[in-house]
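Student: Below are the sequence and a predicted model; questions follow.
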Amino acid sequence: MASDVADGTVASKKPSRKDRQRDRGSESLPDDEEPDFSDPESYVDNISDADLLGDFLKNRPKETDGIDSVIVVDNVPQVGPDRMEKLLNIIRKIFTKFGKVVNEFFPMDNGVSKGYIFLEFQSHLEAAEAVKATDGYKLDKQHTFAVNLFSDFDKYANIPDDWEPPTPQPFKDHGNLYHWLTNEHCYDQFSAIYEQGEKTAIYQNVAGEPIQIDARDRWTETYVRWSPRGTYLLTFHQKGVALWGGENMKQIMRFSHPGVQLSDFSPCERYLVTFSPLPDNSDDPQAVIIWDVRTGLKKRGFHCDSASAWPIFKWSSDGLYFARLSQDTLSIYETPSFGLLDKKSIKIKLLKDFAWSPTDNVISYWTSEERETPARVTLIEIPSRQQLCVKNLFTVADCKMHWQKSGHYLCVKVDRYKSKKDDKYAGIYHNFNIFRLKEKEIPVDTVEVKESISAFAWEPVGHRFAVIHGETPRINVSFYNIKTAATVELIKTLEKRTVNSLFWSPSGQFVVLAGLRSLNGILEFVDTNDMTVMMQAEHFMATDVEWDPTGRYVATAVSWWGHKVDNAFWIWNFQGKLLHKQPLEKFCQLLWRPRPATLLSPDQIKEIKKNMKTYYNNKFSIEDKMRESKASKEQIEKRRTQMEEYHAWKKLCEDRYAKERAMRMALRNGVDADNPTDSSNEFCAEETVEFLIDVEEIDIDEE
């Protein structure tokens, strides 16, 4: 096709597909001849199938479809036709827990199964979950399943003969994560959120006045929390959580979990658990995720409809196991496989609650009563699942379990009905069942309290516990001591106290009795060795009380989350002396930074305490006097530097003076002017001179 232009030149243009079709249609063709719709040889079609059929091609079959979702189960019992139906039901019951089985194949040989089966799931994720959970499953004494993905056979068959070492990953140095423990004065740290959550700061608890060592805007979107040993600071964000640590609180790791609201660490700080209430994926659980703190990798996800009873997973003290409660089931998982312990859960009818020992791999749980079956408290050892102790309880309304931090005792607070008439219960009274874990056969002591109980707390180290009981205005606080020979002694009852909470010092002996929130912040500092009230004070409308890890200081706070005015935190010593007041605009949260367990043995600690007066008191007394001095820390440091410079200059002068002694004697004809009183010096003579300095007259009255 050509067109004329004004200057007489002719330009050619490649005909389009529409032009060609129009031209073909305009040509006259015989009636019996069909038009040619093919493209010319020079035509290039640049439209791909993906552009035309993209949505359709996404669903086209893949070579791996049907293979990755197939598993092979070995060591299945070999049975005949008479037992085949029963075997099928057992296999289906075990494997349909992980998803729908769309196909199954049981190879037979002369009417007897061959001992292995093929199962196909709807997706690869379901198949992988089945392999993880059932590989090693013990069906009976003679048969233990060996389960693999069908696609694994090719992978294992094509392993090269020459081993290639993995590519080393670059090392990322996060610095000294324990830098905060190297402070020469062993000052503790704490975090504070204020200005309605807009600012987060870290303070160093210097005696007299805490020093702010770091502060950042929008460091977290909700709240923060420390890891159990104080290594990391966890912050919350809309897209996930982040860990911070090291000398300058740098970001160590990020974990992507949109909508995260709650979190929990394993006691060893190796794993992190996060929860998000956003809609979950049935194939890839995202509600609860367990992460590896060091690598940032997701270890396993779980479904969860509600986190009302947080934490959902409870960890053993060493982080080797974690457990979850469901209806009539206790599921215990092990690390690092994150599979069920022994490939199966523990079925416990009427199971209500459980708790781990803080020091041993022991679980306590209780079951409610039903008709003639009493309620029970049971202790089992993990991983053997051996029962250590069982205690039957009757007419039980509820139970609460309280482990002592040292793991020596377990207290089960039992709420019991006073009477039963016509299958109806009336009235409530309380029992404390004390399990002595470190004694033979685990004896159980019982303490009865007829009044209502509002608080219970163990002394972290020792053999005492405290209880707040009674109703306003007769609220009492009773202290008990567990003695040998199966006796629990009442030490003393403090009567008519305005308290609703009690807080033991981490080192024991001292306790703070507090009337928080509606009780106007009344505080009592009690020494339980002689049961004396060391101090009575008030922090008006206080909402929180927090001991520092050493038990030397305690912080009280009025949080903006609980009270909208007078937001501040105060620092006290363990005797109840107020050391510092820190008002902050819309202050929200204060958390002390935990400390890891000491590396000293009990004998070394005992030796230090024994020699405290001899070796340490003088040093500490000097440091205390320096802190109590009115001079600021900068002035004291400046004076110390000047004194060191003076001593260095004095030493230099003395060395020079001694070096020039021979030169001086030579200039003085051998006379040693440095020692003029030396008796051997013949050029020197001693002479005594007396002169009048002053005259004073005193009149003496005569009698």
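Tutor: Looks like it arrived, so ask away.
Student: For the stretch 201-350 of the chain, which segments count as strands?
Tutor: Per DSSP state E, counting those that start in this stretch, the stretch 201-350 of the chain carries strands over the ranges 211-217, 224-226, 233-237, 240-245, 250-256, 262-265, 271-275, 288-292, 298-302, 313-315, 321-326, 329-334, 339-340, 346-347.
Student: The residue nearest the centre of the chain and Val241, how far apart?
Tutor: Closest residue to the average C-alpha location of the chain: Phe265 at 2.8 Å, with Cα atoms, centre = their mean. Noted for Phe265: a distance of 11 Å to Val241, by Cβ to Cβ, to the nearest Å. To be clear about C-beta, it is placed using only N, CA and C from the backbone, and glycine gets the same treatment.
Student: what sits against Lys314?
Tutor: Contact partners of Lys314, counting by Cβ atoms under 8 Å, 6 or more residues apart in numbering, are 322-324, 354-356.
Student: how does it look with 7 Å?
Tutor: Applying Cβ atoms under 7 Å, 6 or more residues apart in numbering to Lys314 gives the contacts 322-323, 355-356.
Student: do Ser256 as well
Tutor: Ser256 neighbours (Cβ under 7 Å, 6+ apart): 239-240.
Student: do the one 4 residues further on as well
Tutor: Applying Cβ under 7 Å, 6+ apart, we find Val260 in contact with 236, 240-241, 274-276.
Student: Pick out whichever of these sits closest to Lys418.
Tutor: Comparing the contacts of Val260 against Lys418 with Cβ to Cβ places Phe275 closest, at 39.8 Å.
Student: What is the neighbour count of the closest one?
Tutor: 22 (other Cβ atoms under 10 Å).
Student: The strands of the stretch 201-350 of the chain: which one's closest to Val44?
Tutor: With Cβ to Cβ as the criterion, Val44 lies closest to strand 250-256 of those, at 44.6 Å.
Student: In the closest one, which residues are buried?
Tutor: For strand 250-256, a neighbour-count test (16 or more other Cβ atoms under 10 Å) marks 252-253, 255 as buried.
Student: Same question for stretch 404-416.
Tutor: 404-416.
Student: Mind listing residues that contact it?
Tutor: Residues outside stretch 404-416 that contact it (Cβ under 7 Å, 6+ apart): 357-360, 364, 366, 377, 393, 395-403, 428-438, 453, 456, 458, 460-461, 465, 482.
Student: follow-up on the earlier one: neighbour-wise, which one of the contacts of Val260 leads?
Tutor: Thr274 (24 neighbours).
Student: burial count for Lys606?
Tutor: Lys606 has 11 nearby residues by other Cβ under 10 Å.
Student: Could you check which helix or strand contains it?
Tutor: The secondary structure element spanning Lys606 is helix 602-610 (assigned by DSSP states H and E).
Student: after that helix, next one along is what?
Tutor: Using DSSP H and E, the helix or strand that follows helix 602-610 towards the C-terminus is helix 617-628.
Student: so what's Arg497 up against?
Tutor: Under the criterion of Cβ under 7 Å, 6+ apart, the neighbours of Arg497 are 475-477, 513.
Student: What score does it have for pLDDT?
Tutor: We have a pLDDT of 93 for Arg497.
Student: Relative to Cys411, how far out is it?
Tutor: Using Cβ to Cβ, one gets 21 Å for the distance from Arg497 to Cys411.
Student: same thing with Asp445?
Tutor: Applying Cβ to Cβ, the value for Asp445 to Cys411 is 10 Å.
Student: Common neighbours of these two, please.
Tutor: By the contact definition Cβ under 7 Å, 6+ apart, Asp445 and Cys411 are jointly contacted by Ile434.
Student: can you pull out the strands in the stretch 1-150 of the chain?
Tutor: Along the stretch 1-150 of the chain, the segments classed as strands by DSSP E, counting those that start in this stretch run 2-4, 10-12, 70-74, 101-105, 108-109, 112-113, 116-121, 146-149.
Student: of these, which approaches Gln589 most closely?
Tutor: strand 116-121 (46.3 Å).
Student: what are the pairing partners of the closest one, and which direction each?
Tutor: Strand 116-121 has its sheet partners listed here by DSSP bridges as strand 70-74 (antiparallel), strand 101-105 (antiparallel).
Student: if we can go back for a sec, present the strands of the stretch 1-150 of the chain as CSV; the columns should include mean pLDDT.
Tutor: Listed next are these as CSV, based on pLDDT from 0 to 100:
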stretch, mean pLDDT
strand 2-4, 41
strand 10-12, 42
strand 70-74, 93
strand 101-105, 90
strand 108-109, 89
strand 112-113, 90
strand 116-121, 92
strand 146-149, 92
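Student: Pick the one among the buried residues of strand 250-256 closest to Asp672.
Tutor: The closest of the buried residues of strand 250-256 to Asp672 turns out to be Ile252 (Cβ to Cβ; 70.0 Å).
Student: neighbours around the nearest residue to that closest one once chain neighbours are set aside, how many?
Tutor: Leaving aside its sequence neighbours, Ile252 sits nearest to Leu243 (Cβ to Cβ, 6 or more residues apart in numbering; 4.5 Å). Leu243 has 23 neighbouring residues, counting by other Cβ under 10 Å.
Student: who's Leu243 bridged to?
Tutor: Taking DSSP bridges as the rule, Leu243 bridges to Leu234, Met253.
Student: wait, isn't it in contact with Ser263?
Tutor: No - under the criterion of Cβ atoms under 7 Å, Leu243 makes no contact with Ser263, lying 10.4 Å away.
Student: could you pull out the helices for the stretch 551-700 of the chain?
Tutor: For the stretch 551-700 of the chain, the helices defined by DSSP state H, counting those that start in this stretch cover 602-610, 617-628, 633-659, 661-667.
Student: between those helices, which gets the lowest average pLDDT?
Tutor: Among the helices of the stretch 551-700 of the chain, helix 617-628 carries the lowest mean pLDDT, at a mean of 74.
Student: List just the one of the helices of the stretch 551-700 of the chain that sits closest to Asn573.
Tutor: helix 617-628 (12.3 Å).
Student: Which elements pack onto the closest one?
Tutor: Here helix 617-628 touches no other helix or strand, going by 3 or more Cβ pairs under 7 Å, 6 or more residues apart in numbering; DSSP states H and E.
Student: go with 10 Å
Tutor: helix 633-659 (3 or more Cβ pairs under 10 Å, 6 or more residues apart in numbering; DSSP states H and E).
Student: relative to helix 617-628, how tilted is the helix it packs on?
Tutor: On the basis of axes from the mean of the first three to the mean of the last three Cα atoms, to 10 degrees, helix 633-659 is oriented at 120 degrees to helix 617-628.
Student: residues contacting the nearest residue to His124 once chain neighbours are set aside?
Tutor: Leaving aside its chain neighbours, His124 sits nearest to Asp68 (4.1 Å; criterion: Cβ to Cβ, 6+ apart). Neighbour list for Asp68: 62, 121, 123-125, 127-128, 149-152 [criterion: Cβ atoms under 10 Å, 6 or more residues apart in numbering].
Student: Tell me the one among the residues you listed nearest to Ile382.
Tutor: Of all those, Ile382 sits closest to Ala128, with 26.6 Å by Cβ to Cβ.
Student: Cross-check the contact I'm expecting between the closest one and Val70.
Tutor: No - the pair Ala128 / Val70 is not scored as a contact, 11.4 Å apart, by Cβ atoms under 10 Å.
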